[in-house]
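J.: Sharing a sequence plus its predicted fold:
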Amino acid sequence: TRKSRPQRLLKAVEGKATLGDPQSVITAIDHFCRHKEWAMNVGDEKGSILDSLVIELSPVNVLELGTYCGYSTVRIARLLPPGARFITLEFNPDYAAVARQVIGWAGLEDKVQLVEGASGDWIPRLREHFGVQMFDLVFLDHWKDQYLPDTKQLEECGLIQKGTVLLADNVICPGTPDYLKYVRNSPHYDSRYYRSHLEYTKVEDGLEKSVFLGF
Ligand SMILES: CNc1ncnc2c1ncn2[C@@H]1O[C@H](/C=C/CNC(=O)c2cc(-c3ccc(F)cc3)cc(O)c2O)[C@H](F)[C@H]1O
Ligand SMILES: [Mg+2]
């Protein structure tokens, strides 16, 4: 059967990137998505904002919801300090398989724990299963209507504590209206919008950074 788009994206990485070089993997994916086939990676423009926030935060414990092909996983993992712990959740086995190979091509497999499963099932188990107490950074990029329920579940499980930074992709396009209302109106979050564009297009989109202030 015809290869899927993620499999064609992986072929582009294998054809163009240098093994063990994360930047070449990022460049290969961006080139493929800009010139061959669009794909829902955070992309280079929003990716630069993501990079600067990761560098500024220098997080020790990171959670990503929605690995997809692993593009943002590679962007984040390449900037993490030694000893940092990065868990990324992906429940589609085909996407997870492609992401493992993309992460491997970047030489970052030792920095990333890709967990194949649903956020709703795994969030309550992260503490006892991985021994993580709280996350310094959570990158939300999965189904847009799941940002809010998963954020609430992370709060209830005590995985969001004072200082935790939530970074949400696509708050304009496709949009996450209920999540945005929640973090912008809650006295427990200090929220800020980073205006940008939908990956590889001129359509407006952006990232919302929300710092948890404690209960
Ligand atoms: C719900 N719990 C989950 N647990 C684990 N993995 C999950 C879960 N839910 C989804 N996944 C996994 O997370 C990924 C889902 C990404 C969804 N992303 C988008 O839809 C998305 C869409 C656009 C877009 C914009 C304009 C347009 F015209 C068309 C598309 C742009 C973007 O940047 C996006 O991120 C993956 F696919 C799914 O298996
Ligand atoms: Mg996205």
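T.: Yes, it's here. Ligands and ions are numbered 1, 2, ... in the order given.
J.: Now do the buried residues in stretch 116-127.
T.: For stretch 116-127, burial by neighbour count (16 or more other CB atoms under 10 Å) applies to Glu116, Ala118, Ser119, Trp122, Ile123, Leu126. From N, CA and C alone the C-beta is placed, and that goes for glycine too.
J.: could you show me where the helices are in the protein, in order?
T.: 5-16, 22-35, 43-57, 71-77, 93-105, 119-122, 126-130, 147-156, 177-185 (DSSP state H).
J.: CA atoms only for the last one, dumped as CSV, please.
T.: What follows is the C-alpha trace of helix 177-185 in CSV, where atoms were taken according to Å, rounded to 0.1, in the frame of the first residue of the first chain:
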residue,chain,number,x,y,z
PRO,A,177,-11.0,28.4,22.6
ASP,A,178,-12.0,26.7,25.8
TYR,A,179,-8.3,26.2,26.9
LEU,A,180,-7.5,29.8,26.0
LYS,A,181,-10.4,31.1,28.0
TYR,A,182,-9.4,29.0,31.0
VAL,A,183,-5.7,30.0,31.2
ARG,A,184,-6.4,33.6,30.4
ASN,A,185,-9.1,34.1,33.0
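J.: So what touches it?
T.: Residues outside helix 177-185 that contact it (CB atoms under 8 Å, 6 or more residues apart in numbering) are 140, 144-145, 147-148, 151, 166, 168, 171, 189, 191, 208, 210.
J.: run the last query once more with 6 Å
T.: Applying CB atoms under 6 Å, 6 or more residues apart in numbering, the contact partners of helix 177-185 are Tyr147, Leu148, Val171, Tyr189, Ser191, Ser210.
J.: same thing with stretch 102-112?
T.: Val13, Ala17, Gly20, Pro22, Val25, Cys69, Gly70, Thr73, Val74, Ala77, Leu80, Phe86.
J.: for the third one, what are its contacts?
T.: To tie it back to what came earlier, the one meant is Gly20. Contacts for Gly20 were tallied using CB under 6 Å, 6+ apart; they are Gly107.
J.: Take the contacts of helix 177-185 and, keeping just the buried ones, write it as a ChimeraX select command.
T.: The ChimeraX selection below is limited to those of the contacts of helix 177-185 classed as buried (16+ other CB under 10 Å):
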select :147,148,171,189,191,210
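J.: could you measure Ala39 against Ile55, distance?
T.: 25 Å (CB to CB, to the nearest Å).
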